[in-house]
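**Q** Predicted structure and sequence below. I'll ask about it afterward.
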Amino acid sequence: MEKLGDIVAVMVGVAVNTPYSYKLPLGFDVKIGSIVLVPLGTRQTLGVVWGTPKDNKAHNRLKDIIKVFDCEPLSKELIKTIDFIALYTLAPKGMVLRAALPPIKALEKPKNIKTYQLGANRPDRITPARAKILTLLKDGQAFSKAAIIKNVRVSASVVEGLIKQDVLKTVELAPPAIVEIPNPDFAPPTLNQQQQIALDSLQNQKIGFGVTLLDGVTGGGKTQVFFEQLADTLRAGKQSLIILPEIALTKMFIERFTKRFGVEPAQWHSAMSEGQKNRVWRGVMDGSVRAVIGARSSLFLPFNQLALIVIDEEHDGAFKQSDGIIYHARDMAIVRAKFANAKIILSSATPSIESKHNALIGKYHSIQLNSRFADAAMPDINLIDMKINPPEKGNYISPILEQEIHTCIEKGEQALLFLNRRGYAPLTLCKACGYQYQCQNCSTWLVEHRLANILMCHHCGLTIKKPKNCTQCDEEDSLIAIGPGIERVAEEAQRLFPDARKVILSSDIGSSELIKQRLVEIENDEYDLIIGTQLIAKGHHFEKLTLVGVLDADLGLDHGDPRAAEKTFQILTQVSGRSGRAAKAGKAYLQTYYPDHPVMRAMKTQDSKAFYAHELKIREQGGLPPFGRLAAIIISANNHNEAFNYARGLLRVAPKPTNEGEGKNLKLFGPVDAPLALIRGRYRVRLLVQSNHSFNLSAYMRFWLEKAQKPTKSIRVQVDIDPISFH
């Protein structure tokens, strides 16, 4: 540990890249990683001791550290992770640190809880209510006042009367941990042969850092395998982190965790209260919290004994943070695991192209689970060529799929209709004048939500009441819906299957609690036909669901996105995999206009190897990830010319590609208007950089931007290293 003097460098949680120097008052003791309160300008802010200042000038003008918090310092590996993320993403180091710092309340020692035990005195008289309290406390246990009232159902005045007579004595106890330590031996599962081989392979790896791709079919039992690795981590007294892509997936996951380990894990996501987050943060830091299930921000929690990270559904785009610090939680979790000398498991039925490639070349350890748990069969996947078997005019469900749904429901089984498009229709236009309703803030159509009678922008949230007359030509009842959304599919389903019990499952239906309730109702067989968006595509296990129909399987292939085929293959595999996960065989029908597309052929034959081989070949030919690297610069402004002119100026000062060495294949593209050229009233212009895989693209981008003219207040410049979205 570096010895610190009376002047220390403190990194503060603001948009700066270097720490500030502060004096350490007499009697203050700090280490690297100590969390402190320091003056910054006219305010006070949290900071972390980063080491010894490089510049020791002007010490007489330095301010004192105000306070050192009584908690463990941030670990060396977390500080290294913060340094790396800032360097890699070009985010200010102080802003990355801020993601790891809690509110000040979490840093204060928790107050003791006032509880009561039986004292030496006896009450002046015994009443039925008092007798209940005496019975409750007769074994010497301590209860808070609220707990006594709740347990024996007496009024507060009865308890207070016994306190005044010293019948009850006060005992102050430390507050209990937010969760109990999970029991690794509570309910060990019986693994099938393939799962046991997978677990043995995990356990036989060398101790310390290593990346494993757990590549298994939907319903193949991946969760049980990594739960057993987590059990080993618990037995060793170490900490584990499981990162999920979406909060909506946590309910079922927590139930499975609780069933296996006897207690709930700690959670970390945006739906938690500040008080809950404070207690989890403190518990992670002091080691009383041993297992956390969280969203991507849980990557920054202050673990001191981190031995295992699991990224579930590792391919999911939700792991990419798209504003503020632009980072990919999966990739940065690998970095943190390396610094912590911890194991990391990437789990997926449809691995990302990058992870699959790293497994194929031996950079990652690879484990396959090729069959479903409990001998459940993989679903039979069928393509419906919509050019040959189109639906009736005005409908979107083909006759083949319609008949299959009827048959499924008649057998008492559940069917799922999937369309990854919220609302009623993606476009509303006037049949009299042709006017198309667009968002005034974004270059996108307003989506009709018929149930709410509104038109909504899915990018900025602008909402208007659907007009009765066209707002351009004033023609009455002239607005028509173009294309299907999930509500329109539900309307068609009502006509085709009037007696079926139906439910719409989409993020539009209400709160996360309502969504959880609907999922439980589906599990309890309260519906015959589920009509859902991406929300239903992954992480759910419905035993009676035996048929999946995908209405627009080509939807994701229509965009000029280098990852379009990969994303489409992943979502189709995930949603098809909801079918037949129990004893009854499942089927999936994909409605497509392109049955010969490589994605559709791979789905039909269930040949993922063929898909990955084809996609890797295409990527290699184009120098795209994982064979090359990309970085995007997005310039936005309130004025289009201002954004475009700044982008042109940026391009003029770009360091020129060399004809030799690692930079010889460097290419610059743009500036061009982004596909979504206007979002929330700001015009967007894009530049794209392509390089060799081994080229230090972050360093190049930093050098370039340091040479550039500083943007005005109205211009915003975002750098996205390794973009996964190209809108």
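**A** Ah, there it is.

**Q** Going by neighbour count, which residues in the helix or strand bottoming out on mean pLDDT in the chain are buried?
**A** None of the helices or strands of the chain scores lower by mean pLDDT, DSSP states H and E than helix 512-523, at a mean of 81. Within helix 512-523, the residues that qualify as buried by neighbour count (16 or more other C-beta atoms under 10 Å) are 515, 518, 519, 522. (C-beta placed from N, C-alpha, C; glycine too.)

**Q** Quick check: the last one touching residue 530?
**A** Yes: under the criterion of C-beta atoms under 8 Å, residue 522 makes contact with residue 530 at 6.0 Å.

**Q** which residues do these two both contact?
**A** Counting by C-beta atoms under 8 Å, 6 or more residues apart in numbering, the residues touching both residue 522 and residue 530 are 414, 503, 505, 542, 545.

**Q** ok, the fourth one to residue 71 distance?
**A** Here the distance between residue 542 and residue 71 works out to 44 Å (C-beta to C-beta, to the nearest Å).

**Q** Okay, and residue 686 sits in which element?
**A** Element membership for residue 686, per DSSP states H and E: strand 682-692.

**Q** next helix or strand past that strand?
**A** Tracing the chain C-terminally past strand 682-692 and defining elements by DSSP H and E, one meets helix 697-707 next.

**Q** just checking, what packs against that next one?
**A** Contact partners of helix 697-707 among helices and strands, from 3 or more C-beta pairs under 8 Å, 6 or more residues apart in numbering; DSSP states H and E: helix 76-89, strand 628-637, strand 682-692, strand 716-721.

**Q** can we see that at 7 Å?
**A** strand 628-637, strand 716-721 (3 or more C-beta pairs under 7 Å, 6 or more residues apart in numbering; DSSP states H and E).

**Q** Using PDB, list the CA coordinates for the longest one.
**A** Coordinates of the C-alpha atoms in strand 628-637 are reproduced here as PDB (Å, rounded to 0.1, in the frame of the first residue of the first chain):
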ATOM      1  CA  GLY A 628     -12.400  -4.800 -36.800                       C
ATOM      2  CA  ARG A 629     -13.400  -2.000 -34.400                       C
ATOM      3  CA  LEU A 630     -15.800   0.900 -34.700                       C
ATOM      4  CA  ALA A 631     -16.300   4.100 -32.900                       C
ATOM      5  CA  ALA A 632     -19.100   6.600 -33.500                       C
ATOM      6  CA  ILE A 633     -19.200  10.400 -32.800                       C
ATOM      7  CA  ILE A 634     -22.700  11.800 -32.600                       C
ATOM      8  CA  ILE A 635     -22.900  15.600 -32.700                       C
ATOM      9  CA  SER A 636     -26.300  17.100 -31.800                       C
ATOM     10  CA  ALA A 637     -27.500  20.700 -31.700                       C
END
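
**Q** so it versus strand 716-721, what angle?
**A** Orientation check (axes from the mean of the first three to the mean of the last three C-alpha atoms, to 10 degrees): strand 628-637 against strand 716-721 gives 170 degrees.

**Q** List the buried residues for strand 628-637?
**A** 628, 629, 630, 631, 632, 633, 634, 635, 636, 637.

**Q** ok, residue 453 - how many residues close by?
**A** Residues within reach of residue 453, counting by other C-beta atoms under 10 Å, total 10.

**Q** give the contact list for it.
**A** With C-beta atoms under 7 Å, 6 or more residues apart in numbering as the criterion, the residues that contact residue 453 are 465, 466.

**Q** and if we set it to 10 Å?
**A** Applying C-beta atoms under 10 Å, 6 or more residues apart in numbering to residue 453 gives the contacts 424, 465, 466.

**Q** Show the end-to-end separation of stretch 673-693, please.
**A** Looking at stretch 673-693, the gap from its leading to its trailing residue is 26 Å under the measure C-alpha to C-alpha, to the nearest Å.

**Q** tell me the contacts of residue 87?
**A** Taking C-beta under 10 Å, 6+ apart as the test, what residue 87 contacts is 17, 93, 96, 698, 699, 702.

**Q** hang on, the earlier thing: which element follows the least confident helix or strand of the chain toward the C-terminus?
**A** Tracing the chain past helix 512-523, the next element assigned as helix or strand by DSSP H and E is strand 529-532.

**Q** Partner strands of that next one and their direction?
**A** The partner list of strand 529-532 in its sheet, established with DSSP bridges, is strand 414-418 (parallel), strand 502-505 (parallel).

**Q** Domain boundaries for the protein, per the record?
**A** Following automatic domain parsing, the chain resolves into domains at 7-101, 113-173, 193-371, 376-421+484-617, 425-483, 628-721.

**Q** For the one residue sitting closest to the centre of the chain, give me its contacts.
**A** Residue closest to the mean C-alpha point of the chain, counted by C-alpha atoms, centre = their mean, is residue 245 at 3.0 Å. Residues in contact with residue 245 (C-beta under 10 Å, 6+ apart) are 295-296, 311-320, 329-330, 538-539.

**Q** Inside helices: which ones of those?
**A** When helices are assigned by DSSP state H, the members of the contacts of residue 245 inside them are 329, 330.

**Q** before we move on, the earlier item: now, the most widely separated pair of the buried residues of strand 628-637?
**A** Spanning the widest gap among the buried residues of strand 628-637 are 628 and 637, at 29.8 Å by C-beta to C-beta.

**Q** Sticking with residue 429, tell me its helix or strand.
**A** When secondary structure is defined using DSSP H and E, the element that contains residue 429 is strand 427-430.

**Q** where does the stretch 301-450 of the chain dip in pLDDT?
**A** With pLDDT under 70 as the threshold, the stretch 301-450 of the chain has low-confidence stretches at 372-377.

**Q** the strands in the stretch 551-700 of the chain, which residues?
**A** Using DSSP state E, counting those that start in this stretch, the strands of the stretch 551-700 of the chain run over 587-592, 628-637, 667-679, 682-692.

**Q** Pull up the pairing partners for the last one, direction included.
**A** Right, the one you point to is strand 682-692. Sheet pairing here is set by DSSP bridges, and for strand 682-692 it gives strand 628-637 (antiparallel), strand 667-679 (antiparallel).

**Q** tell me which residues of it are tucked away?
**A** 682, 683, 684, 685, 686, 687, 688, 689, 690, 691, 692.

**Q** how close does the first one get to residue 636?
**A** Just to be clear, that refers to residue 682. With distances defined as C-beta to C-beta, the gap from residue 682 to residue 636 amounts to 4 Å.

**Q** for the fifth one, same thing?
**A** When C-beta to C-beta is applied, the distance between residue 686 and residue 636 equals 10 Å.

**Q** cool, and residue 708?
**A** In this structure, residue 708 and residue 636 are 16 Å apart, going by C-beta to C-beta.

**Q** cool, residue 264 as well?
**A** As defined by C-beta to C-beta, residue 264 lies at a distance of 42 Å from residue 636.

**Q** For residue 170, give me its contacts.
**A** In this structure, residue 170 makes contact with 114, 115, 116, 117, 119, 142, 163, judged by C-beta under 10 Å, 6+ apart.

**Q** ok now the helix or strand harbouring it, how far from the chain's centre?
**A** In this assignment (DSSP H and E), residue 170 forms part of strand 168-173. Centroid displacement of strand 168-173 relative to its chain, using C-alpha atoms, centre = their mean, to the nearest Å, is 43 Å.

**Q** Following the chain onward from that strand, which element is next?
**A** Next helix or strand after strand 168-173 toward the C-terminus (DSSP H and E): helix 193-203.

**Q** what sits up against that next one?
**A** For helix 193-203, the surrounding residues in contact (C-beta under 10 Å, 6+ apart) are 189-192, 210, 212, 214-216, 220-222, 224-229, 231-232, 308, 343, 345, 365-373.

**Q** follow-up on the earlier one: partners of the strand holding residue 170 in the sheet?
**A** With DSSP bridges as the test, strand 168-173 is paired with strand 113-118 (antiparallel).
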